[in-house]
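J.: with the input below, show me the fold.
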Amino acid sequence: MPQPATSPRTDLTAQLVRAGYYPQLVDDVVDVAVADEDLVAHLVHAETTFDGEEIRRHVTVLALTPTRFVTVHVDDHPADSEHPAASAVATSDAVPLRSVSSVSLTHVVARPDTHRAGQAPAELTLAIGWGGVQRVDLEPAQCADPTCEADHGLTGQLLPDDLVVRVSAEADGAKAVQRAARFARVLSAATAR
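T.: Next up is the predicted model:
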């Protein structure tokens, strides 16, 4: 018997619970950022990193409404000598769809000679740009004279600091890569309108 289809909002809540990273906190932050709009599509990406001896957890939620692209990122901060209790920092960004300037995908395919149509890649990197944040890369300015020892100041580039999410079948599972590809497809179509 076919299962009844769940709403995108119900599915998002289920994925947050499955990720196991402060699901109620993340759900509340997403709820505020989505601001009562319908949810068209979403992607939940939980990640654990190791910082020396500390284990750090992160979760990124990408959500699409009929009018906006919403991101929520939550990090935990362990207790230390200055902060006796652990804390979490949640940041959200809501971007009008008309402002999304690029949706870039990088597919990593192991053994491309055996790839079959519809098969998920081994890894998918999704980069989304909207020009909201830029990064300045500076370096010392150089002179054409190799013997010159003068200080020529700095030179640099102003670069967009796009949101990048990398999903790996090995680390996250093949279904997570498929979900990321579906989200990217829906977002890409929405930004083309």
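
J.: could I get the buried residue list for stretch 75-94?
T.: Neighbour-count burial for stretch 75-94 flags D76, A90, S92, A94 (criterion: 16 or more other Cβ atoms under 10 Å). Yep, even glycine has a C-beta here, placed from its N, CA and C like the rest.

J.: just the strands from the chain, written as ranges.
T.: 41-51, 54-64, 68-77, 87-96, 102-108, 123-129, 134-140, 154-160, 163-168 (DSSP state E).

J.: neighbouring strands for the first one, and are they parallel or not?
T.: The one in question is strand 41-51. Strands that pair with strand 41-51, judged by DSSP bridges, come out as strand 54-64 (antiparallel).

J.: and the partner strand with strand 123-129, angle?
T.: 60 degrees (axes from the mean of the first three to the mean of the last three Cα atoms, to 10 degrees).

J.: list the buried residues in strand 54-64.
T.: Within strand 54-64, judged by 16+ other Cβ under 10 Å, the buried ones are R57, V59, T60, V61, L62, A63, L64.

J.: pLDDT below threshold where in the protein?
T.: Within the chain, the stretches with pLDDT under 70 are 1-5, 132-135, 157-161.

J.: can you tell me the centre-most residue of it?
T.: The centre of the chain sits closest to V165, judged by Cα atoms, centre = their mean, with a distance of 3.9 Å.

J.: could I get the contacting residues of the nearest residue to P140 once chain neighbours are set aside?
T.: Distances taken as Cβ to Cβ, 6 or more residues apart in numbering place L154 nearest to P140, at 6.2 Å, with adjacent residues excluded. Counting by Cβ atoms under 8 Å, 6 or more residues apart in numbering, L154 touches L138, E139, P140, A141.

J.: list buried residues within those.
T.: The buried subset of the contacts of L154 (16+ other Cβ under 10 Å) is empty.

J.: tell me the two of those that are most distant?
T.: Maximum pairwise distance among these (Cβ to Cβ): 9.5 Å, between L138 and A141.

J.: which neighbours do the two have in common?
T.: Joint contacts of L138 and A141 (Cβ under 8 Å, 6+ apart) are L154, T155.

J.: now do the residue of the chain most remote from its centre against D172, distance only.
T.: In the chain, counting by Cα atoms, centre = their mean, T147 sits farthest out from the average C-alpha position, at 45.8 Å. Distance of T147 to D172, given as Cβ to Cβ, to the nearest Å: 53 Å.

J.: could you do D36 as well?
T.: 30 Å.

J.: before we move on, what about D93?
T.: When D93 is compared with D172 (using Cβ to Cβ), they lie 23 Å apart.

J.: quick one, longest helix in the chain?
T.: helix 174-191 (DSSP state H).

J.: specify the beta-bridge partners of L43.
T.: L62.

J.: hmm, it is touching V61, no?
T.: Yes. Assessed by Cβ atoms under 8 Å, L43 is found in contact with V61 at 7.1 Å.
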